[in-house]
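> pasting a predicted model and its sequence here:
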Amino acid sequence: MGGEVIAALDGVSFAIHSGEFVAIVGSSGSGKSTLMNLLGCLDTPSRGIYRLRGQDVRSLSDDALSELRNREIGFIFQNFQLLPRASALENVALPLVYRGVRARERRELARRALERVGLAHRASHKPTELSGGQRQRVSIARALVAEPSLLLADEPTGNLDTATGRDILRLFDELHAAGNTLVVVTHEPEIAARCPRAIRLSDGRIVEDRHNSPSRPEVPSVAERGTVTAARLAAARPRPLAVEDPSS
């Protein structure tokens, strides 16, 4: 900005290990959106290193980054990002199209993913025929279908009412218990407080990296409410996700 250089992220270094459930929390302008773009391989760092399962992403071409995103990262968006004219099943199967998976296998894998989030009975419905919570479950199933090593959720309850948002967070608890690695980007302290670990950003820097109490509100799980509980989709992997700034 003019003669002033502004670092969206400055001296940020941390590692997230396989199977962790971590919140990235901060207010608008704190740097969390930039960090989310880096973690999702939508951007590459101007300096420092981001390693995903041991691989430094900075040297990868655009095509290689696209392949890495498709293979390793499942995205869950605040606005769901579903194709309006496609059914829930077709939306969930979409990442598999880019992998070259055959149509019959795509449908079966998508059906199983919907079953894991309790929506197998809504597979043929289009997004306009689903509630907000159901649409978010479809987006979670889409993120899970390719068995990524990282689930990255951007304000996943931002467009949901309080009760539906709690349902989605309970589902995240179950996915974490099943061994999946989750990173939730949020501005809500309440969500950060219920995650086992929370990294707080302010002005592009980490100001807190804490492990929260494992206790959570006593609430019924998805399975206890009569739907199918989430199954383990990603095996434990030894290499962590890591962001390193050499100036730190």
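Thanks, I have it.

> quick check: longest helix of this structure.
Longest helix in the chain, counting residues (DSSP state H): helix 162-177.

> now do the contacts for the most centrally placed residue in the chain.
The centre of the chain sits closest to Leu152, judged by Cα atoms, centre = their mean, with a distance of 1.8 Å. When contacts are counted by Cβ atoms under 8 Å, 6 or more residues apart in numbering, Leu152 touches Met36, Leu39, Gly40, Ile73, Gly74, Phe75, Ile76, Val183, Val185. Where you see a C-beta, it was placed from the backbone N, CA and C, and this is true even at glycine.

> next, the fifth one: secondary structure please.
It stands for Gly74. With DSSP: H, G, I helix; E, B strand; the rest coil as the basis, Gly74 sits in strand.

> leaving out the residues flanking it, which one is nearest to it?
Counting by Cβ to Cβ, 6 or more residues apart in numbering, Ala143 is the residue found nearest to Gly74 once chain neighbours are left out, at 3.0 Å.

> what do you get for the third one?
Once flanking residues are discounted, Gly40 sits nearest to Leu152: 5.2 Å by Cβ to Cβ, 6+ apart.

> shouldn't that neighbour be within a strand?
Yes - checked against three-state DSSP, Leu152 lies within a strand.

> gap between it and Asp209?
Going from Leu152 to Asp209 by Cβ to Cβ, to the nearest Å gives 18 Å.

> buried stuff in the helix or strand harbouring Asn91?
Using DSSP states H and E, Asn91 maps to helix 88-97. Buried residues in helix 88-97, counted by 16 or more other Cβ atoms under 10 Å: Ala88, Leu89, Glu90, Asn91, Val92, Ala93, Leu94, Pro95, Leu96.

> likewise stretch 10-29?
Neighbour-count burial for stretch 10-29 flags Val12, Phe14, Ile16, Ser18, Gly19, Glu20, Phe21, Val22, Ala23, Ile24, Val25, Gly26 (criterion: 16+ other Cβ under 10 Å).

> just give me how far that stretch sits from the chain centre.
Relative to its parent chain, stretch 10-29 has a centroid offset of 12 Å by Cα atoms, centre = their mean, to the nearest Å.

> try stretch 106-118
Centroid separation for stretch 106-118 versus its chain: 18 Å, with Cα atoms, centre = their mean.

> cool, and stretch 70-90?
In terms of Cα atoms, centre = their mean, the centre of stretch 70-90 is set 12 Å apart from its chain centre.

> repeat for stretch 140-159
Offset of stretch 140-159 from its chain centre (Cα atoms, centre = their mean): 4 Å.

> ok, stretch 42-53 next?
Stretch 42-53 sits 17 Å away from the centroid of its parent chain (Cα atoms, centre = their mean).
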